[in-house]
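Participant: A structural model of the following input is requested.
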Amino acid sequence: MRITMFRKLMASEFGEVRAEMVAKDHVLSALGGRTPDQALEAGVPTKEIWLAVCDAFDVPEQRR
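Facilitator: Alright, predicted model coming up:
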């Protein structure tokens, strides 16, 4: 998954403003105590980050 697709999925699920806030501020234990943005910078695959966000926010399976 490309970063642009990750950003589109985030915006679709949370709205543009909230998606940016989640990516910047929400620390996820599944990402080693990093925010999604920090995980991206560290080279974690975007699909792994997206699934961690989905798990943390109970995103339904059909939207994952």
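
Participant: Now the host helix or strand of V53 - C-alpha only, CSV.
Facilitator: Counting by DSSP states H and E, the element that carries V53 is helix 46-56. Only the C-alpha atoms of helix 46-56 are listed here, as CSV (Å, rounded to 0.1, in the frame of the first residue of the first chain):
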residue,chain,number,x,y,z
THR,A,46,1.8,1.3,5.5
LYS,A,47,-0.5,-1.8,5.5
GLU,A,48,0.7,-2.7,8.9
ILE,A,49,0.1,0.8,10.2
TRP,A,50,-3.4,0.9,8.6
LEU,A,51,-4.3,-2.4,10.3
ALA,A,52,-3.0,-1.2,13.7
VAL,A,53,-5.1,2.0,13.3
CYS,A,54,-8.2,-0.1,12.3
ASP,A,55,-7.7,-2.4,15.4
ALA,A,56,-7.3,0.6,17.7
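
Participant: which parts of it are buried?
Facilitator: With burial defined by 16 or more other CB atoms under 10 Å, the residues of helix 46-56 counted as buried are 46, 49-50, 52-54, 56. In this view, the C-beta of every residue, glycine as well, is placed from N, C-alpha and C.

Participant: Between the residues you listed, which sits nearest V17?
Facilitator: Nearest to V17 out of these is V53 (CB to CB; 15.7 Å).

Participant: My guess is the closest one contacts V22. True?
Facilitator: Yes. Proximity of V53 to V22 meets the contact threshold set by CB atoms under 8 Å, at 6.9 Å.

Participant: which residues do these two both contact?
Facilitator: Residues touching both V53 and V22 (CB atoms under 8 Å, 6 or more residues apart in numbering) are 10, 36.

Participant: where's the helix holding V53 relative to the chain centroid, distance-wise?
Facilitator: 5 Å (CA atoms, centre = their mean, to the nearest Å).

Participant: For that helix, name the packing helices and strands.
Facilitator: helix 3-14, helix 36-41 (3 or more CB pairs under 8 Å, 6 or more residues apart in numbering; DSSP states H and E).

Participant: So what touches the first one?
Facilitator: This points to helix 3-14. Against helix 3-14 from outside (CB under 8 Å, 6+ apart): 19, 22-23, 36, 40, 46, 49-50, 53, 57, 59, 63.
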